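Q: predicted model, plus sequence, below.
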Amino acid sequence: MKTFYNLINIAIVLISFSNYSLQAQSNFISPAYEHFILDNGLKVYMVVQKEVPLVHFRAVVPAGVRQDSKANAGLSELTANLLSSGTASYDKETIETTLDFMGASYNSSSNMEASVLTSSFINKDLPHVLPILTEMLTKPSFEEAEFVKSKQRAVAGVDQSRESPRSVINNYFNQLVYGKHPYANIPSGTKQSIERIELKDVNRFYSDHYTPMGSVIAVVGDFDPTKMKTQLTNLFSSWNNVGKVKNNRTVLPSLDSSKVVVVNKEDARETTMLIGGVGVPRNISDYIGIQVINTILGGRFTSWLNDELRVNSGLTYGARSGFSALREGGSFSMSTFTANETTEQTIDLLLKTYQKIHKTGVDSKTLESAKNYVMGQFPPDYETNAAIARFFTDTYTYELPLDYIDRFNESVSSIDIVKATQIIEDYFPKENMQMVFIGKASEITPIVSKYGPVKVLEITEDVYE
Amino acid sequence: MKINLYFTALFLLLLQKGISQSRASDVQSFTLSNGMKILVLEDNSIPNANMYLFWKVGSRNEYPGITGLSHFFEHMMFNGSKKYGPKMFDRTMEAAGGSNNAYTTENLTVYTDWFPISALETIFDLEADRIGHLELDPKMVESERGVVLSERSTGLENSNFRNISEQVKGAAFLAHPYRWSVIGYESDIKNWSIDDLQTYFDTYYAPNNAVVVISGDVSLEAVKSLSKKYFEPIPAGPKARPVHTIEPEQLGQKRVVVEKQVSSPNIMLAYHVPETKHEDYYALDVLSAILSDGNSSRLYNQLVDQKTLATSVFSYMPESIDPNLFYFYGVASPGTSPELLESEMIQIINDIAQNGVSEKELQKVKNQKLVALYSSLETIDGKSNTLGTYEMYFGDYNKMFSAPQSYESLTVEDIQQVAKKYFTKNNSTVGYLISPENNTK
């Protein structure tokens, strides 16, 4: 492939929002929606899209990885995984055979802010699918046998993920950037933390966090909205769990020094790296401007990082940068990988290229190009029922305005050189960079000690502190 | 019967509504005087469009010494031509709001451009310049070698599948070029010459060796006139020499072991199967889904769920111009030996050969295939990619619209028949990826 995206899996939230905007001359606007709130507080968005006879259902509950404690890291993910393993009226086999037979896809997972249940199916199957999805969300049975199996797979998954540096590097980086804030939690947990989880912990996590108040459902596709509203109201009105944990916002730590972590992987053929610092919350008004500037730095093929590290020097297959923006804050990171012997050259060139953003800033021609790019790439991101559903639930999760799509154009257009300079100054960290390198520690450590105090871990170790 | 009624209902729905807004008759095609075929699907759901260029060249067209050249060439297509010198292809496209990518397989090289409709003519200009007037800059070739070596390395660093599949392919194929990986051997990446690249370009990048698919907010008239202006002046080339090597029949099971530090064994089984145009394709495709699509599939249900011998398992049959492989992949649970997982996987596969599948399983897959087709038609991207795939591998984009009928006509006997025919011990290659300390047998 020429390029591949999500090199280091920068952030789930960025997938939906980074680098997209809309063309000035286009009339691309958000689709018409209907919104209502049930008595129990559950919010619902409905969007009718008739392009294909499919329906996408998306439910988001405030039960994210951020609700885990360090001791039971992985609990949010384990709980979400178990939603399809049996409910009050449907056992696991019935759920699987019924949904699979109709060709319905379904998935439950958790991210930093929330747990998410999604399903796509043919519209004529609505009466069969909706009751099952409702029970998965509101009446999961959490049986011991399924819990044990799921836990075993989760433990094995921790070891397996270490066979790919790219899939674990964020865990180390987040600990450097977020410190004691729950955003430092490792989503899939550690072997020790998963081993500690008992079935009663799953039940407790569910009853504390799976509440209609604070949850949001989006249904998008080819259906009759009047009937849908009645169906959803009938199915979800009796969901009355009030939960326990309320708004637990905590302050993000500020970074006062550079730190370097080297993770030793003895059989590594290359060094995988992530360098960055503090970022921004998703809902700040400058977010779109930040995306425009990041496009220039490391958000597209001709970006400075990719141009220097890949095109000019052939040091790597790809280099990029991005903001992982969550509800209360976020991180900024640059990522790449290179052969063991070119590690030092690559780090130096990456840092030198990054300094350019503060030393020389961006020129108006490059800025215009980046603006066109984010505008031109915007509409395809809202083409599918799933993407539209995610947009509406994200407006709630990340506290975004509902006219985000409609005003995107205007926001991008308003970025001039003065604004760009201010955005760079305000949001692209100048100092206290945090660095993670995964590779052969014996070769990397001597090279990277010039950037800050180095902590060396084995790839089998998960935790920095 | 209930099951058949279910499908008939779906099928009627399909006939009534067409597939999405798009029907076979909505796809318009024309061929330029130089032999370049162009498919157009008008869809104004977003103010964007895409251009997919499918070239009939992939690693099957290589030979030892230039393995990986198709893929490397894909990279060189972005590195400068007459009007748009090095870096200018990407800079021009991105400044106009467009983005691009490309991928290479064993059979094809595919270039993809996604852009706001205002950039349509720019895209034609850019593509025509590199197809008609590519310039191979020695400096760019050298730096691109580093890029591709890094791409090769990062694949092996991050994917167990990559490590084992290149060894299994190498063992399963004795003669056919499918035996090497698309990315090629490291020594070939380091050593091919500018002459090799120029010859490759002259041989395969003639307009008569391509199919172009454009979907989105375009009109047929505009696409026609831009195609005539930009693509038609590019001269046709001689027909490329066909790949005539036929893989000899496999005479006994082959086994390979790859040592790598892994937390539990990964195993791959590969069986020779015919090309995509073959009459057995749809039955094999359904068989793959019965075995591994969804939690109720046989391999997942029995090995991951019931017996917990594997943490993941899947099967995979790539679309292919020549006869290729049907793969099974399993990641063992901690403590499960590769021998046990292998024998359990084979037992499940053999069970279908011996006892067949149920009507309900077959119907399930037919239903799933229909939903999958709808899903692929949700986006202009999916439309172009799917149309191009059918045109290149099935020989006619119209087969995309008749695929539901092709699945519908399959019987349980057809499924058992292909399992019997292809999933035999002598036709198999078994690969283990295991840690050095466990490789003691």
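A: Perfect, thanks for sending it.

Q: ok, and the closest non-adjacent residue to residue A:427?
A: Of all residues not flanking residue A:427 in the chain, residue A:290 sits nearest, at 5.4 Å (Cβ to Cβ, 6 or more residues apart in numbering or on different chains). C-beta here means a position set from N, CA and C on the backbone, and glycine is covered the same way.

Q: host element of the one you found?
A: Residue A:290 belongs to helix A:287-298 when elements are defined using DSSP states H and E.

Q: how about the strands in the chain?
A: Because you didn't say which chain, this covers chain A. A:34-37, A:43-48, A:54-61, A:105-110, A:115-122, A:216-221, A:259-264, A:270-278, A:320-325, A:330-339, A:434-439, A:454-458 (DSSP state E).

Q: wait, chain B was what I had in mind.
A: Under the criterion DSSP E, chain B contains strands at B:27-31, B:37-42, B:48-55, B:99-104, B:109-116, B:210-216, B:254-259, B:266-273, B:310-316, B:324-332, B:428-434.

Q: how about a markdown table for the ones you listed, with mean pLDDT and mean neighbour count added?
A: Shown next, in a markdown table, are the strands of chain B (pLDDT from 0 to 100; neighbours: other Cβ atoms under 10 Å in any protein chain shown):
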| stretch | mean pLDDT | mean neighbour count |
| --- | --- | --- |
| strand B:27-31 | 97 | 15 |
| strand B:37-42 | 98 | 22 |
| strand B:48-55 | 98 | 26 |
| strand B:99-104 | 97 | 20 |
| strand B:109-116 | 98 | 24 |
| strand B:210-216 | 98 | 26 |
| strand B:254-259 | 98 | 16 |
| strand B:266-273 | 98 | 24 |
| strand B:310-316 | 97 | 22 |
| strand B:324-332 | 98 | 25 |
| strand B:428-434 | 98 | 24 |
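
Q: take those and lay them out in TSV including distance to chain A.
A: Formatted as TSV, those follow (distance: least, Cβ to the nearest Cβ, whole Å):
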stretch	distance to chain A
strand B:27-31	16
strand B:37-42	13
strand B:48-55	5
strand B:99-104	4
strand B:109-116	4
strand B:210-216	9
strand B:254-259	10
strand B:266-273	9
strand B:310-316	5
strand B:324-332	7
strand B:428-434	10
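
Q: near chain B, which residues of the stretch 351-465 of chain A show up?
A: A:368-369, A:372-373, A:375-377, A:379-380, A:382-385 (Cβ under 8 Å from any Cβ of the partner chain).

Q: show the buried residues in those.
A: Taking 16 or more other Cβ atoms under 10 Å in any protein chain shown as the criterion, what is buried in those is A:369, A:372-373, A:375-377, A:379-380, A:382-385.

Q: returning to what we had before: can you list contacts of the helix holding residue A:290?
A: By Cβ atoms under 8 Å, 6 or more residues apart in numbering or on different chains, the surrounding residues in contact with helix A:287-298 are A:17-21, A:280, A:299, A:303-306, A:319-323, A:325, A:334, A:354, A:357, A:362, A:366-367, A:370-371, A:373-374, A:408, A:411-412, A:415, A:419-420, A:423-424, A:427-428.

Q: which of the residues you listed are buried, as a PyMOL select command?
A: Listed next is the PyMOL selection for buried residues among these, using 16+ other Cβ under 10 Å:
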select buried, chain A and resi 17+18+19+20+21+280+299+303+304+305+306+319+320+321+322+323+325+334+354+357+362+366+367+370+371+373+374+408+411+412+415+420+423+424+427+428
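
Q: how much space between residue B:63 and residue B:176?
A: Relative to residue B:176, residue B:63 is positioned 11 Å away (Cβ to Cβ, to the nearest Å).

Q: what about these two, which has more around it?
A: More neighbours surround residue B:176 than the other of residue B:63 and residue B:176, with 20 against 11 (other Cβ atoms under 10 Å in any protein chain shown).

Q: now the phi/psi pair for that one, please.
A: phi -70, psi 150 (degrees, to the nearest 10).

Q: tell me the spacing between the residue nearest to residue A:427 and chain B.
A: Residue A:290 sits 18 Å away from chain B, going by Cβ to the nearest Cβ, to the nearest Å.

Q: for that residue, grab the count of nearby residues.
A: For residue A:290, the neighbour count with other Cβ under 10 Å is 23.

Q: quick check, pLDDT for it.
A: As predicted, residue A:290 sits at a pLDDT of 98.

Q: which residues are in contact with residue B:276?
A: B:319-321, B:393-394.

Q: which of those residues has the largest number of neighbours?
A: Neighbour counts for the contacts of residue B:276, by other Cβ under 10 Å, peak at residue B:320, which reaches 22 neighbours.

Q: re earlier: can you lay out the strands of chain A as JSON lines showing distance to residue A:402?
A: Listed next are the strands of chain A as JSON lines, based on distance: least, Cβ to Cβ, whole Å:
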{"stretch": "strand A:34-37", "distance to residue A:402": "8"}
{"stretch": "strand A:43-48", "distance to residue A:402": "9"}
{"stretch": "strand A:54-61", "distance to residue A:402": "16"}
{"stretch": "strand A:105-110", "distance to residue A:402": "25"}
{"stretch": "strand A:115-122", "distance to residue A:402": "20"}
{"stretch": "strand A:216-221", "distance to residue A:402": "12"}
{"stretch": "strand A:259-264", "distance to residue A:402": "40"}
{"stretch": "strand A:270-278", "distance to residue A:402": "28"}
{"stretch": "strand A:320-325", "distance to residue A:402": "18"}
{"stretch": "strand A:330-339", "distance to residue A:402": "22"}
{"stretch": "strand A:434-439", "distance to residue A:402": "35"}
{"stretch": "strand A:454-458", "distance to residue A:402": "44"}
